[in-house]
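**Q** sequence below, structure please.
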Amino acid sequence: MKYAIKALAIISIFVFCHYVFCHYVMRQFRGEGWSSWLSELDNLTGILFTPAKYIFLYGPLVIAAIILFKQSKPFESIGLNSSGFINYALAAIICCTPMAIGYGFLSDELNLSIPAIITGSVYAGFFEELIFRAALFGVLFKYCRWGFVPAALISSVIFGLGHIYQGNDAISALMAVAITTVAGTWFAWLYCECGYRIWFPMWMHIFMNAAYGIFGMSGGAVGDLQGNLFKATAIVLSIVYVEMLIRRGKQREVTLSKLFQCTKNGLYTQQANLN
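**A** Alright, predicted model coming up:
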């Protein structure tokens, strides 16, 4: 019962932060007060405003995850174990390089705006993986004994709905939600199989967003056929990388027995995941 109560608490806090804060509290601040002050301070680049918005909206969720699921290290429960930070960055670069090269051939423009890269890639990759994968999906799957499918679905559908604006009409909006929901599930799998740390999905998220933005690829989350083929290379290579880690002895975390429900005998061993 205690796991059900904690799961309900996490979901309730997320819904409150995402909808009540976003649609009511932030609406009162937007255009005035601290939001306009920060926007003016960074010359409307979003460098200061974007992280402040994430922290203001989702800070309570991250704090709740740390308090409800205490570990030997304060940030262990939200995937911020420092182990593997550099190695996962290098692996993500290798996985994303073919996609970036392909985008370079397809594109006739180059956008090297530092503020755009920071707000659209770095901030998005870090905060979205921390919030949706670690603080929401991670605690439901790892600590509340939910199966991978229900935990991934609830976090990934919400993640997907956050990208509905990328559609130009009803059909493209639904496609954007569907594609980003699948992407969220893939990120959740990477998070699990990389020791319940956000670093590999975070770096993949950052580099893929950066390649997309730098080369001005069109189509939003849906993309076009050629662009999606190059994007697929990054996804496939990331899967190959994880399978290589497993062949080298890393324990597989997402198994058939954990797809829909995790029993007491199927709990997770974090230390065994470190590679």
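**Q** which residues in the stretch 151-275 of the chain form helices?
**A** 170-193, 199-214, 225-247 (DSSP state H, counting those that start in this stretch).
**Q** so, low pLDDT: which residues of the chain?
**A** 1, 18-35, 37, 71-72, 162-169, 218-223, 262-275 (pLDDT under 70).
**Q** recalculate using a threshold of 50.
**A** Within the chain, the stretches with pLDDT under 50 are 31, 265-275.
**Q** just checking, residue 137 touches residue 188?
**A** Yes. Between residue 137 and residue 188 a contact is recorded at 4.9 Å, counting by C-beta atoms under 8 Å. Every C-beta, even on glycine, is put in place using the N, C-alpha and C of the backbone.
**Q** could the helices of the stretch 151-275 of the chain be laid out in TSV, adding mean neighbour count and distance to residue 77?
**A** Formatted as TSV, the helices of the stretch 151-275 of the chain follow (neighbours: other C-beta atoms under 10 Å; distance: least, C-beta to C-beta, whole Å):
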stretch	mean neighbour count	distance to residue 77
helix 170-193	20	13
helix 199-214	24	15
helix 225-247	16	22
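**Q** compare these and give me the one nearest residue 81.
**A** Distance to residue 81, taken as C-beta to C-beta, is lowest for helix 199-214 among the helices of the stretch 151-275 of the chain, at 8.5 Å.
**Q** right, so of the helices of the stretch 151-275 of the chain, which gets closest to residue 145?
**A** Closest to residue 145 of the helices of the stretch 151-275 of the chain is helix 170-193 (C-beta to C-beta; 13.9 Å).
**Q** off-centre distance for the closest one?
**A** Between the centre of helix 170-193 and the centre of its chain there are 10 Å (C-alpha atoms, centre = their mean, to the nearest Å).
**Q** how close does residue 54 sit to residue 247?
**A** 37 Å (C-beta to C-beta, to the nearest Å).
**Q** ok, now residue 42?
**A** For residue 42, the distance to residue 247 - C-beta to C-beta - is 46 Å.
**Q** so residue 81, which of the three states?
**A** With DSSP: H, G, I helix; E, B strand; the rest coil as the basis, residue 81 sits in coil.
**Q** from what I can see it touches residue 195, true?
**A** Yes. Counting by C-beta under 8 Å, residue 81 does reach residue 195; the two are 7.0 Å apart.
**Q** ok, these two, which is more surrounded?
**A** Taking other C-beta atoms under 10 Å, residue 81 and residue 195 do not tie; residue 195 has more neighbours (23 against 20).
**Q** thought that one was touching residue 83?
**A** Yes. Taking C-beta under 8 Å as the definition, residue 195 is a contact partner of residue 83 at 7.1 Å.
**Q** hmm, back to that, quick one: closest of the helices of the stretch 151-275 of the chain to residue 12.
**A** Judging the helices of the stretch 151-275 of the chain by C-beta to C-beta, what sits closest to residue 12 is helix 170-193, at 20.3 Å.
**Q** let me see the contact set for the residue sitting nearest the centre point of the chain.
**A** The residue lying closest to the centre of the chain (C-alpha atoms, centre = their mean) is residue 129, at 2.7 Å. Remark: with contacts taken as C-beta atoms under 8 Å, 6 or more residues apart in numbering, residue 129 is in contact with 79, 187, 191, 198, 201, 202, 205.
**Q** nearest to residue 240 among these?
**A** Nearest member of the contacts of residue 129 to residue 240, counting by C-beta to C-beta, is residue 201, at 15.4 Å.
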